[in-house]
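# sequence and computational prediction follow.
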Amino acid sequence: MMKGSWRYLDVTQLSEDALEELVRNGSPFIRWVAAMSRNTPERVLRALGNDENPFIRLEVARNPHTPLDALKKLARDRGSWISSRIREEVARNPNIDETVLQALAHDEHPSVREAVASNARAPSHILSDLGEDRHWRVRRAVASNPRTPLETLEKLSKDEMWVVRAAVASNPKVQFGILRALVKDDKWPVRLEVKNNALTSGEIFEELCVDRDEFIRRKALIDSRCSKRGHARAMVE
């Protein structure tokens, strides 16, 4: 390999054995590139998951092709200033299973629990538990997740933090009754999310056409969901 040519490394042009040898004896940059590549074989990703460089382990945690056994080990990563970031990426990885998600749902770092709550594969019982989390960012992630049980969304729609209530309003699986309550929320960003939700229609949308906030009112009136009755009410009120 010519001097400097490692900068143009394309792992797709290497055999698995050649890549493994290069990773074992190459520079941190080569290992980092291999850890990011979607074409890196599983056995190489397993080896990179044990790398002493935490930034390389971080990329392995992010890689959607990293096998479950390597992710389980990375879920216990400690000792580095970015270890919580590594566990966060494990929680977001599509290959993760329920057992690891359950463990990470109790992580001491809110960002890790937030990542669990954002995972589209998170089971409903984990989301219900995280809906009680002390940190608003975690509860917001739960409120946004389409897999969150309706009873949890109902509870979060009354959360003290308006950003959590807004996330409930934006959820694509939220029920009509919750939207009907949130359209009267005292925070305009919550009502805006009600307006933006594709499920909002009928009498709820009519309320938005006469909303006390001019910005929301204008947005609602130019929306095709605003009925003739809504336009009429807007003219009167």
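Nice, thanks for sending it over. Bear in mind the structure is a predicted one, so any value in this text is a computation, not a measurement.
# what is the least confident helix or strand in this protein?
Least confident helix or strand, the chain: helix 228-236 with a mean of 61, by mean pLDDT, DSSP states H and E.
# strands along the protein, start to end?
Read by DSSP state E, the chain holds no strands at all.
# poorly predicted segments of it, please.
Scanning the chain with the threshold set as pLDDT under 70 gives 1-14, 228-237.
# so which residue is dead centre in it?
For the chain, S118 is the residue whose C-alpha lies nearest the centre (C-alpha atoms, centre = their mean; 3.5 Å).
# got a list of what it touches?
Counting by C-beta atoms under 8 Å, 6 or more residues apart in numbering, S118 makes contact with 92, 141, 144-145. Where you see a C-beta, it was placed from the backbone N, CA and C, and this is true even at glycine.
# just S224 next, same as before
By C-beta under 8 Å, 6+ apart, the contact set of S224 is empty.
# dihedrals phi and psi, it?
phi -70, psi -20 (degrees, to the nearest 10).
# quick check: it vs D107, distance?
44 Å (C-beta to C-beta, to the nearest Å).
# again, but for R165
25 Å.
# what is the burial count for the spatially closest residue to D133 that is not a sequence neighbour?
Leaving aside its chain neighbours, D133 sits nearest to R139 (5.5 Å; criterion: C-beta to C-beta, 6 or more residues apart in numbering). Neighbourhood size, R139 [other C-beta atoms under 10 Å]: 28.
# got it, and the one 10 residues further on?
Here the count is done by other C-beta under 10 Å, and P149 has 16 residues near it.
# same check on S15?
Residues lying near S15 (other C-beta under 10 Å) number 9.
# and the one 10 residues further on, by the same measure?
Here the count is done by other C-beta under 10 Å, and N25 has 8 residues near it.
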